[in-house]
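> Give me a 3D structure for the following:
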Amino acid sequence: MTLDSTESTITKAVQNTFAGMSDERTREIFVGLVQHLHDFTREMRLTGDEWFTAMDFLERVGHFSTPTRQEFVLLSDILGLSVLVDQINHHNETSVTDSTLLGPFYVEGRPTAANGSDISGGVAGLPLFFHGTVVDTTGNPVAGAHVDTWHSDGDGFYDVQQAQKLHNKLAMRALLTTDEHGRFWYRSIAPRYYPVPTDGPCGEILRAAGRSPMRPEHIHFWFHADGYDPLITMLFRAGDPYLETDAVFGAKRSLVVEFVQHEAGETTPDGTTMTEPFQTVEWTFTLTGKDQ
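Got it, this is the predicted structure:
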């Protein structure tokens with residue numbers, strides 16, 4: 001009954017309206033959402049002005065969101081919700097690579113690249129050579145795994161943040177495939193730590209809280225392989241000044257790796273003698289089988 005509901009009866013009245021949902025899990029989620037949302041409102045004793053402010057904020061988050069700028073994802077990230085969902089759903093054993101956030105800058109339709117390719121898209125920067133290996137929990141190589149990888153440039157900007165400068169061309173991202181030994185490798189440029197976007201509503205939260213918007217330097221990966229659970233993860237540069245204060249709570253000690261600095265004249269993993277300084281990164285990723 002919804003007629004003449006009160007502060008103490010409105011919650012149950014709203015929950016009852018979901019009783020006819022055919023999908024039990026969807027019904028459970030909405031009933032729980034209403035319970036917690038109403039309990040929060042009563043506990044905080046929200047005023048009408050505060051409610052209007054919240055509605056205005058969410059509307060502006062929607063207006064800021066685009067196919068390449070997911071302000072709602074960023075809101076979830078800075079509130080720790082994205083990491084919490086990941087932690088609930090991924091209880092990795094110590095032998096399995098930890099998962100972490102997808103982030104707001106993943107793009108579908110990324111270019112496909114052969115192993116050994118330069119995926120920088122011509123963006124200038126310190127050369128970086130990445131060599132990865134994908135194995136299962138027993139250490140056997142996972143051949144034919146699809147590997148999405150993407151990262152920022154040396155100033156901390158992703159390609160989608162520089163659409164005009166790059167003439168809408170994607171750069172510093174690619175889809176690769178592991179060889180029969182589970183290996184994949186490519187050349188790009190070294191990324192950089194950067195602030196999450198603060199020109200939108202999420203930036204207002206960070207400024208109001210006096211929080212740093214900075215993310216530590218990292219490279220993104222998303223693995224798909226037949227018979228294995230997908231893995232979304234990142235690798236973070238050891239010694240980065242923002243590892244302990246990641247604005248989206250995504251950094252993990254198990255994913256910190258050395259970005260090894262080399263001087264001009266040294267030889268790269270592909271046998272090239274460089275005339276300029278460069279970095280190398282090597283890492284082994286472990287996937288979990290679907291039946292484990």
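
> name the helices or strands packed onto the helix ranked longest in the chain?
Of all segments of type helix in the chain, defined using DSSP state H, the longest is helix 24-44. Helix 24-44 sits against helix 10-16, with contacts defined as 3 or more C-beta pairs under 8 Å, 6 or more residues apart in numbering; DSSP states H and E. Just so you know, the C-beta spots here come from the backbone N, C-alpha and C atoms, and that holds for glycine as well.

> could you say what helices and strands the helix it packs on packs with?
helix 24-44.

> buried sites along the helix it packs on?
Applying a neighbour-count criterion of 16 or more other C-beta atoms under 10 Å, the buried positions in helix 24-44 are 31, 34, 38.

> ditto for stretch 215-224
In stretch 215-224, counting by 16+ other C-beta under 10 Å, buried: 215-223.

> hmm, back to that, helix or strand right after the longest helix of the chain?
Next helix or strand after helix 24-44 toward the C-terminus (DSSP states H and E): helix 48-64.

> Okay, buried residues for that next one please.
Applying 16+ other C-beta under 10 Å to helix 48-64 flags 61, 64 as buried.

> That helix packs against which elements?
Against helix 48-64 (3+ C-beta pairs under 8 Å, 6+ apart) you get helix 71-78, helix 201-209.

> mind exporting stretch 29-43 as CSV, just the C-alpha atoms?
In CSV, the C-alpha atoms belonging to stretch 29-43 read as follows (Å, rounded to 0.1, in the frame of the first residue of the first chain):
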residue,chain,number,x,y,z
ILE,A,29,19.4,-5.7,-5.9
PHE,A,30,16.6,-3.1,-6.1
VAL,A,31,15.1,-4.1,-2.8
GLY,A,32,18.5,-3.8,-1.2
LEU,A,33,19.3,-0.5,-2.9
VAL,A,34,16.0,1.0,-1.7
GLN,A,35,16.7,-0.2,1.9
HIS,A,36,20.2,1.3,2.1
LEU,A,37,19.3,4.5,0.2
HIS,A,38,16.4,5.1,2.5
ASP,A,39,18.3,4.2,5.6
PHE,A,40,21.1,6.6,4.6
THR,A,41,18.6,9.4,4.0
ARG,A,42,17.0,8.9,7.4
GLU,A,43,20.4,8.7,9.1
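
> Now do it: everything it contacts.
Outside stretch 29-43, the residues that touch it by C-beta atoms under 8 Å, 6 or more residues apart in numbering are 7, 10-11, 14-15, 18, 21.

> got JSON lines for the residues you listed, with distance to T133 too?
Compiled in JSON lines, the contacts of stretch 29-43 are given as follows (distance: C-beta to C-beta, whole Å):
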{"residue": "E7", "distance to T133": "59"}
{"residue": "I10", "distance to T133": "56"}
{"residue": "T11", "distance to T133": "53"}
{"residue": "V14", "distance to T133": "52"}
{"residue": "Q15", "distance to T133": "50"}
{"residue": "F18", "distance to T133": "48"}
{"residue": "M21", "distance to T133": "46"}
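
> Make CSV from those residues and add pLDDT, distance to Q87 and neighbour count to it.
Below are those laid out as CSV (pLDDT from 0 to 100; distance: C-beta to C-beta, whole Å; neighbours: other C-beta atoms under 10 Å):
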residue, pLDDT, distance to Q87, neighbour count
E7, 94, 34, 9
I10, 96, 33, 15
T11, 96, 28, 19
V14, 96, 29, 18
Q15, 96, 28, 17
F18, 96, 27, 15
M21, 95, 28, 14
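
> Which one of the residues you listed is nearest to G48?
E7 (14.4 Å; C-beta to C-beta).

> Return the residues in contact with that closest one.
R42.

> and D153, which of the helices and strands packed on helix 48-64 is closest to it?
helix 71-78 (19.5 Å).

> Okay, strands next: where are they in the stretch 151-292 of the chain?
Along the stretch 151-292 of the chain, counting by DSSP state E, counting those that start in this stretch, strands occupy 173-177, 183-189, 194-195, 214-215, 218-224, 231-237, 256-257, 260-262, 278-286.
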